[in-house]
Each structure stands twice: as C-alpha cells, then as structure tokens.
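**Q** Below are the sequence and a predicted model; questions follow.
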Amino acid sequence: MTAPAFKLGVVQFMAFFNSDQNPDALLSSLTLLARDDDFALVELTRMPNPQTRDRVKALLQAAHLDCAFAATPVILRGGLNPSAVDEITRRTALTELKACVDEAVALGAKTLTLMSGPFSGDEAGELKAFVQTLDELCVYASDKSLDSPLLVLVEPFDRTVDKKALIGPSSLAGALATEMLSRHSNFGLLIDLSHLPLLGESVEECLVALPLEAVRHVHLGNCVVDPTDPLYGDQHPPFGYPRSANDVEQVRVFLSALHYSGYFRRPSPYGLPTVSFEVKPLPDQDPLLVLANAKRVLKLALAI
C-alpha cells in the first residue's frame, strides 16, 4: 500500500487526560501539540469558559491547526442519553448537544462527534429516539454553520464491555447511517480501531456492514480485552501495552482496509482525510512519550 495523504490528529483530552477543564493545562498542552508539525488537527471538547475558548481559537489560528469538537465527554460526564425513549430525558440531551454545536461553530470546528446513549434492551425504540435526536441536531448544525455545514459524526462504542452503548454493533451503525444519509448530507460515522476488538469485530466485518461513504473520520487506538487486566475495556492504553489488542500489524490492516474502501479518496471538510490518535498515558507516563510511541507505530504500519 502506498502511504496515503491525510491530516494527522490527536484527541487532546485523552492524550493529556482530564486537562481540558483546566484553562492553563489545556492551553499548555495545546501549545505543545501546536509546536509539533506532524499534527494538523486537534480534537477538543467543551471549554471551561468563553474566555478560554477565545484563547484556544487564537492559538489554533496562529499555528494553522484545524480542530474538531467532541461532544462525547459532555454526554458521559453529564449522564446524558440522546437515545432515551423517555422524551424529557432525550430532549435534555438534545439541548446540551445543541449547545455543543454552538461552541463548535464558535471555535471554528468542522466536525462534531457524539455517541448514543446506553443500550437498555429496547433496540427499536432507542434507535427511533436516537434518529429523532440526530435529525434535529443535523438540521440545527446545518443552520448554524456560516460556510459549509458542520458535519455531525456518530462514533460506535462497545455494546457489552464498557460503555455498553446502543451504537454499537456495525450492523446497527450501518442501518443508522443509511437512514440518516437519506436525509442529511452533514451526517457521518467515526470508526475507532480500539472499539472493534471490544465489539468482537474485525476491520473487514465492520466496513462491510457500513455504507462506505458514511465513514468520515477514524481513530487509531488500543484496548485490552482480558477481563483480568486493570485496563480492561475502553481505556485507550498506549500501543505495546502487555496483553493489549492493537499494535503495528493491526494499525496496518486497519489503514489498508480503509485505503481499499476508498476512504482516503473521499472529500473531507479538512481538505484531506483525517486520522487521529486516541491514546491515554498510564498514570506515570509523559503524554509526549505516548504520542511519540503512536507516531512510530503509525510510521511502521505505513512502511510495511
């Protein structure tokens, strides 16, 4: 496989874990990332206040660094459920997600990523509720965007291990994407390599189940599927962690499958397709060391 052209990104609030709500820590970490010209994209979440957002936006502009907005931490931290069959619960989540759209647009982000709520047993009812939320959110995002519409991405998570989310298995993510794309051009999916082992799916099984034009962003990460390990579940340990699922070969297979699916030839709001690291340092590790680890794994995977 010839190395494809793409913009390399990093999930800031995972690489510099829980730094996003401390203005000084957030700006310090972004300065480090902005000085590394390997990175062209940072994924951010809700800012502590508008003043911090303005300082972050100025830093991004000075560094010529693109950004994406992640609403998933807002959902998890707030215990929100955008796929709740209870209408009050669903609309509470929708209100917060619309506020995330406002912040994403103010920040200059081109995409907003969210997850579904937890799977509670009523797949048909919860899917219908989630489609309602997404319909309203895609319209709101399209109306709020000044230039091209903000792209709303759903990220599938595990169903039975950690997040236990409605979306979920790739078959259900594919059905959701097919329905949403029939009505909204600003909808897509984010596929995370670290979630596939937790779903018990191979890369090929995942991509075959999806309308390929729906895949608009991807994450490179790792996970542990051994329930006896302290990092079992959706913890995004560094590549090379003992008994973990993903390393150079898995990254190679993932990128190769994406290449043959046409991912790297599809239009992107960022000009080039995007690939982001979502890795979390162990408690005693330097975040920059873990990012250097990830970049080496990527370079080796692309060289094979």
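**A** Now that the structure is in, tell me what you want to look at.

**Q** what ranges do the strands span in the stretch 101-250 of the chain?
**A** 111-114, 151-154, 187-192, 215-220 (DSSP state E, counting those that start in this stretch).

**Q** Please list the residues outside the last one that contact it.
**A** What that stands for is strand 215-220. Residues from elsewhere that reach strand 215-220, judged by Cβ atoms under 8 Å, 6 or more residues apart in numbering: 11, 68, 111, 113, 151, 153, 155, 188-194, 207, 251, 254, 258, 261, 263, 266, 268, 274-279, 294, 297-298. All C-beta spots, glycine's among them, are computed from the backbone N, C-alpha and C.

**Q** Quick one, which of those residues are buried?
**A** If you count burial by 16 or more other Cβ atoms under 10 Å, the buried members of these come out as 11, 68, 111, 113, 151, 153, 155, 188-194, 207, 251, 254, 258, 261, 263, 268, 274-279, 294, 297-298.

**Q** Next, count neighbours for the residue lying closest to E201 once chain neighbours are set aside.
**A** In this structure, E201 finds its nearest non-sequential neighbour in S170, 5.8 Å apart by Cβ to Cβ, 6 or more residues apart in numbering. Per other Cβ atoms under 10 Å, the neighbour tally for S170 reads 22.

**Q** Verify the stated contact: S170 with L199.
**A** Yes: using Cβ atoms under 8 Å, S170 is in contact with L199, at 7.1 Å.

**Q** Now do the contacts for the closest residue to D122 other than its chain neighbours.
**A** Closest residue in space to D122, ignoring its immediate chain neighbours: V85 at 6.1 Å, by Cβ to Cβ, 6+ apart. By Cβ under 8 Å, 6+ apart, V85 lies in contact with S120, D122, G125, E126, K128, A129.

**Q** where are the low-confidence patches of the chain?
**A** Within the chain, the ranges that satisfy pLDDT under 70 run 1-2, 146.

**Q** can you give me the helices for it?
**A** Counting by DSSP state H, residue ranges of the helices within the chain are 12-15, 23-34, 50-63, 72-78, 87-107, 123-144, 170-181, 196-199, 203-208, 248-261, 287-303.

**Q** which one of the contacts of V85 is nearest S182?
**A** Nearest to S182 among those, counting by Cβ to Cβ, is K128 at 15.2 Å.

**Q** mind listing what G233 touches?
**A** D158, V161, D162, L198, C223, V224.

**Q** ok, D247 to L298 distance?
**A** Applying Cβ to Cβ, to the nearest Å, the value for D247 to L298 is 11 Å.

**Q** Just flag the most distant two among the contacts of V85.
**A** Maximum distance among those (Cβ to Cβ): 13.3 Å, for S120 and K128.

**Q** list the contacts for A34?
**A** A34 makes contact with L59, L60, A62, A63, L65, according to Cβ under 8 Å, 6+ apart.

**Q** Please pick the buried ones from those.
**A** L59, L60, A63, L65.

**Q** Reformat these as JSON lines; add distance to S182.
**A** Converted to JSON lines, the buried ones among the contacts of A34 look like this (distance: Cβ to Cβ, whole Å):
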{"residue": "L59", "distance to S182": "39"}
{"residue": "L60", "distance to S182": "34"}
{"residue": "A63", "distance to S182": "38"}
{"residue": "L65", "distance to S182": "34"}
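
**Q** ok, those residues vs D147, which is closest?
**A** The closest of the buried ones among the contacts of A34, once distances to D147 are taken by Cβ to Cβ, is L60, at 16.5 Å.

**Q** any idea how far the closest residue to G221 other than its chain neighbours lies from K295?
**A** By the measure of Cβ to Cβ, 6+ apart, the closest residue to G221 outside its immediate chain neighbours is S194, 3.3 Å from it. S194 sits 17 Å away from K295, going by Cβ to Cβ.

**Q** and what of K98?
**A** From K98 over to K295 (counting by Cβ to Cβ), the distance is 36 Å.

**Q** Could you do I88 as well?
**A** 45 Å.

**Q** So for these two, which sits in the more crowded spot?
**A** Higher neighbour count among I88 and K295: K295, with 16 against 7, using other Cβ under 10 Å.

**Q** count of residues packed around L27?
**A** 15.

**Q** is it true that it touches D54?
**A** No: at 11.2 Å, L27 and D54 do not qualify as touching, with contact defined as Cβ under 8 Å.
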